[in-house]
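>>> Structure for the following, please:
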Amino acid sequence: MDDRVTLAEKRNHMVARHIVARGVRDPSVLQALRRVPRERFVPAHLRDHAYDDGPLTVAQDVVLPAPYVFAYMAEALTLERDDKVLVWGAGAGYGAAVLGRIVRTIHVIEPKAEVAEKAAAAIIDAGLSNVHMLHDDDLRAWQEEAPFDAILIEMAVAEVPEALKSQLALGGRLVAVVGTDPHAQELVRITRREKGQFDREDLADLRYVPPVDDPGAATRAARLDIATAPRMIQTRPRTDDALPGLIVRHAERFDTVDDADLDPLMDRIGDARVVLLGEATHGTAEFYRMRARITQRLIRDKGFGIVAIEADWPDAARIDDYVRHVDVEPAAWQAFSRFPTWMWRNEETRAFIDWLHRHNATRAPARRTGFYGLDLYSLYTSTQAILEYLDGVDLELAALARQRYACLTPWQADPAAYGRAALTGAYASCAEDVTRMLVALYKKRHDLSRRDGARFLDAAQNATLVANAEQYYRIMYYGSRASWNLRDSHMFETLQNVMLFHGPASRAVVWAHNSHVGDARATEMSRRGEHNLGELCTRGFGGDCYRVGFGTDHGTVAAASDWDGPMRAMQVRPAHPQSYERQFHLTRLPGLILPMRAGQELDVATALSYPRLERAIGVIYRPESELESHYFEADLPQQFDDYVWIDKTRAVTPLSTATLEGLPDTYPFGV
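Modelled structure (predicted):
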């Protein structure tokens, strides 16, 4: 097989393995990547690495981006064949060459003469004649060709230059890497709107580590890359070989969840009003079982009267009716019936719910522990719950609610579609209607809450959820930061409302993912301007908030490969060498609880405080891109007060219809 065939095969493998597999789907981008010989843009000694999954240093201060990074940026430009495109910064010339295979004409401005000359030669050598190169340091050097339908900035910038934004056509897109700190850069897209207005989307968070500049470094080099769900990349901090032994000396060991001694943890929690219990995945049985054991102790021994979970309010309300023995009519819908059903509709959750049902049966109604949902995805279900409530207490207000919520009716099956339509102007925003309805409901708060405070709380929280969810679905297309912050703020406000309803002595335990219950200020989330429930609780409750994180090394997890995909019991890869999880795995202990609050075990907390990677698996798990998709940087002792480690774990057991036969009609998991 000759060299040309070998390189062509490598090129096709690059596209399939490193680009298509990570979600790039634009056929014009993929076809261009298959046609442009990447090896023509690198020095001879790097030719064998031209199609590796990482960046390459091709000359001083000239880096050829990782294939996926450039493919993602090219797709973000949403190019059409007749678009006029400007590229600022020639780089190696590869980017302009790929774009030149997509559109008819490319204009490139390169400030450095030598870089421009080499890039132009490489582009010609690759067989393209439609790329026009100009050596100039003036951002308006191609002003006579403006306006441009798309602009790509091939170099990182502190801020997107106004001089380039002004050259965009109406509807034109500019894609750039923004940020002077290489550890906290963002890939953004600017779109020009009418009257000189611009939309900004935060497409991805980037992390830069020096690229390969010699063949021997190929196995040592980290990557500039973009992850999928969530989009973040991590540095590779050094490993402390002495740390596992230090963890062993200070940890409380256990062999199984059932034999773990929780007394020391209960002593450390003390009189805290809010206890946040995390999980490193949304589908691990041992995490649910350990949270259940801790929660049972908090309820029995410390009088906790609130269990709040990362789930929608109406679904959790079905559970609440059951566990508190509320006499209600059987519902016509199933609790937790939308994707991901297994997250709460599983045997492990059911066991805890049944325990809480039995426990509450021995207590007076006012002293029974309630069960609440903190999340905001249930736009349609919450709307229906409000209407059903108002039909029974205030027909005039019910009629007003139907009028106000009618705006959302076309989108009840797919609220995300409403967000797209409202943003593009294809459909009017419902923000004013749902906000006015919330205000109207609260104007009658005194009268309605006197009749039945619990039912008014349910209706008011559903109305708040609808208002926040409407905003959430509108802003989710602007990037992850705004929607994430709104969601976690909603969870915190919901928790506050429930605790206020239960009185000044109320105490709550929360079940949610580590990424929600750990303090965001101790993670790279903070550098992106994100906050979370754990941070808000820590700020709001101070020392009365106690946060417990969870982790595992390997085993199985219930997850899907794509959103709305089927659940599978997937193998969890052993932890990354530079991760916290790897340090705990090296203890060789099957399970442990490590106290980390300042003043308890200061030496181990100090040793752990050097930032490392931490794994986060949600309802989506992609082992093939785990480093990019599922790790972020954190300072564990600042993130949590205690850490529960279970080395090998297994997937939760989803409930099947057969296991529910013979149960009461009001059973929340019924069909």
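>>> In the protein, which strand is the longest?
strand 168-178 (DSSP state E).
>>> I figured V87 hits G95, correct?
Yes. Counting by C-beta atoms under 8 Å, V87 does reach G95; the two are 6.5 Å apart. C-betas here are computed from N, CA, C, even on glycine.
>>> what is in contact with the two at once?
Common neighbours of V87 and G95, counting by C-beta atoms under 8 Å, 6 or more residues apart in numbering, are L152, E154.
>>> quick one: strands adjacent to whichever helix or strand comes after the longest strand of the chain?
Under the assignment DSSP states H and E, the closest C-terminal helix or strand after strand 168-178 is strand 185-192. Each strand that pairs with strand 185-192, with its direction, by DSSP bridges: strand 168-178 (antiparallel), strand 198-206 (antiparallel).
>>> how about CSV for the ones you listed, with mean neighbour count added?
Conversion of the strands paired with strand 185-192 to CSV gives the following (neighbours: other C-beta atoms under 10 Å):
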stretch, mean neighbour count
strand 168-178, 20
strand 198-206, 19
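>>> For A66, which of those is the nearest?
Minimum separation from A66 across the strands paired with strand 185-192 (C-beta to C-beta) falls at strand 198-206, 10.3 Å.
>>> Output that closest one as PDB - backbone C-alpha positions only.
Taking only C-alpha atoms (Å, rounded to 0.1, in the frame of the first residue of the first chain), the coordinates of strand 198-206 have been written out as PDB:
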ATOM      1  CA  PHE A 198     -25.600  41.200  18.100                       C
ATOM      2  CA  ASP A 199     -26.400  37.900  19.700                       C
ATOM      3  CA  ARG A 200     -23.600  36.100  21.600                       C
ATOM      4  CA  GLU A 201     -23.700  32.300  22.200                       C
ATOM      5  CA  ASP A 202     -21.200  30.600  24.400                       C
ATOM      6  CA  LEU A 203     -20.800  27.400  22.400                       C
ATOM      7  CA  ALA A 204     -18.100  25.600  24.400                       C
ATOM      8  CA  ASP A 205     -15.400  26.000  27.100                       C
ATOM      9  CA  LEU A 206     -11.900  25.300  26.000                       C
END
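>>> Show me which helix or strand of the chain is least confident by mean pLDDT.
The helix or strand of the chain with the lowest confidence, counting by mean pLDDT, DSSP states H and E, is helix 415-424 at a mean of 56.
>>> Give me the residues contacting the helix or strand that that one is followed by.
Helices and strands here follow DSSP H and E; after helix 415-424, the next one along the chain is helix 431-443. Contacts made with helix 431-443 from outside it, assessed by C-beta under 8 Å, 6+ apart, are listed as 386, 397, 400-401, 404-405, 407-408, 448, 459-460, 463-464, 466-467, 470-471, 474.
>>> Over to V328. Which of the three states is it?
Per DSSP: H, G, I helix; E, B strand; the rest coil, the secondary structure class of V328 is coil.
>>> and L262, what are its phi and psi?
The phi and psi values for L262, taken as degrees, to the nearest 10, are phi -100, psi 0.
>>> Make residue 1 into 769 and carry on from there
Okay, residue one is now 769; in that scheme the one you just asked about reads as L1030.
>>> Quick one: residues contacting it.
Contacts for L1030 were tallied using C-beta under 8 Å, 6+ apart; they are R1061, I1062, R1065.
>>> from the residues you listed, which is closest to R1315?
Each of the contacts of L1030 was checked against R1315 using C-beta to C-beta; the closest is I1062, at 12.4 Å.
>>> what residues are up against that closest one?
I1062 makes contacts with L1030, L1033, V1043, L1045, V1277, V1316, as judged by C-beta under 8 Å, 6+ apart.
>>> following the helix or strand containing it, which helix or strand comes up?
Taking DSSP H and E as the definition, I1062 sits inside helix 1053-1070. On the C-terminal side of helix 1053-1070, the nearest following helix or strand under DSSP H and E is strand 1074-1080.
>>> Show residues contacting the helix or strand following that following strand.
Beyond strand 1074-1080 on the C-terminal side, the first helix or strand identified by DSSP H and E is helix 1081-1091. Defining contact as C-beta under 8 Å, 6+ apart, one finds that helix 1081-1091 is touched by 1076-1077, 1094, 1096, 1099, 1103-1104, 1112, 1121, 1124-1125, 1128, 1136-1143, 1146, 1149-1150, 1153, 1226, 1229-1230, 1233, 1262, 1434-1436.
>>> I figured M923 hits V855, correct?
No. In this structure, M923 sits apart from V855 without contact. The criterion is C-beta under 8 Å, and the distance is 10.3 Å.
>>> Neighbour count: those two, which is higher?
V855 (26 against 15; other C-beta atoms under 10 Å).
>>> Whatever helix or strand that one lives in pairs with which strands?
Following DSSP H and E, the helix or strand that holds V855 is strand 852-856. Take DSSP bridges as the rule and strand 852-856 pairs in its sheet with strand 873-878 (parallel), strand 916-921 (parallel).
>>> For the next helix or strand after it, name the packing helices and strands.
Elements were assigned by DSSP H and E; along the chain past strand 852-856, the next helix or strand is helix 862-868. Contacts of helix 862-868 with other secondary structure elements, assessed using 3 or more C-beta pairs under 8 Å, 6 or more residues apart in numbering; DSSP states H and E, are made with helix 795-803, helix 835-844, strand 852-856, strand 873-878, helix 881-893, strand 899-903.
>>> who wins for proximity to F966 among those?
For the helices and strands packed on helix 862-868, distance to F966 was read as C-beta to C-beta. The smallest value, 15.2 Å, belongs to helix 835-844.
>>> Compute the inter-axis angle for that closest one and strand 936-946.
160 degrees (axes from the mean of the first three to the mean of the last three C-alpha atoms, to 10 degrees).
>>> Just the angle for helix 835-844 relative to helix 795-803, thanks.
Helix 835-844 runs at 140 degrees relative to helix 795-803, counting by the same axes, to 10 degrees.
>>> Helix 835-844: how far from the chain's middle?
Using C-alpha atoms, centre = their mean, to the nearest Å, the distance from the centre of helix 835-844 to the centre of the chain it belongs to is 20 Å.
>>> Tell me the buried residues in that helix?
For helix 835-844, the buried set under the neighbour-count rule, 16 or more other C-beta atoms under 10 Å, comprises P835, Y836, V837, F838, A839, Y840, M841, A842, E843, A844.
>>> Hmm, the fourth one is touching A864, no?
No. Counting by C-beta under 8 Å, F838 stays clear of A864, with 10.8 Å between them.
>>> CA atoms of stretch 1372-1391 as CSV?
Listed in CSV are the C-alpha atoms of stretch 1372-1391, where the atom choice follows Å, rounded to 0.1, in the frame of the first residue of the first chain:
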residue,chain,number,x,y,z
VAL,A,1372,-5.5,15.4,54.4
ALA,A,1373,-7.7,18.4,53.4
THR,A,1374,-4.5,20.4,52.6
ALA,A,1375,-3.1,17.5,50.6
LEU,A,1376,-6.3,17.1,48.6
SER,A,1377,-6.7,20.8,47.9
TYR,A,1378,-4.3,20.7,44.9
PRO,A,1379,-6.8,20.9,42.0
ARG,A,1380,-7.4,17.6,40.2
LEU,A,1381,-9.9,16.2,37.8
GLU,A,1382,-13.2,15.0,39.0
ARG,A,1383,-15.6,12.7,37.1
ALA,A,1384,-19.3,13.6,36.5
ILE,A,1385,-21.6,11.2,34.7
GLY,A,1386,-25.1,12.3,34.2
VAL,A,1387,-27.9,10.5,32.3
ILE,A,1388,-25.6,10.5,29.2
TYR,A,1389,-22.4,8.5,29.3
ARG,A,1390,-19.8,8.3,26.5
PRO,A,1391,-16.9,6.2,27.6
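>>> Out of the contacts of helix 1081-1091, list just those in helices.
Counting by DSSP state H, the members of the contacts of helix 1081-1091 that fall within helices are I1121, L1124, H1125, N1128, T1149, S1150, A1153, D1226, Q1229, N1230, L1233, T1262.
>>> In these, which residue is surrounded by the most others?
Using other C-beta under 10 Å as the contact criterion, the top neighbour count among the ones in helices among the contacts of helix 1081-1091 goes to L1233, which has 30 neighbours.
>>> ok, the nearest residue to that residue once chain neighbours are set aside - contacts?
Using C-beta to C-beta, 6 or more residues apart in numbering and skipping residues adjacent in sequence, the residue nearest L1233 is S1150, 4.7 Å away. The neighbours of S1150, taking C-beta under 8 Å, 6+ apart as the test, are D1080, W1081, P1082, N1230, A1231, L1233, V1234, A1237.
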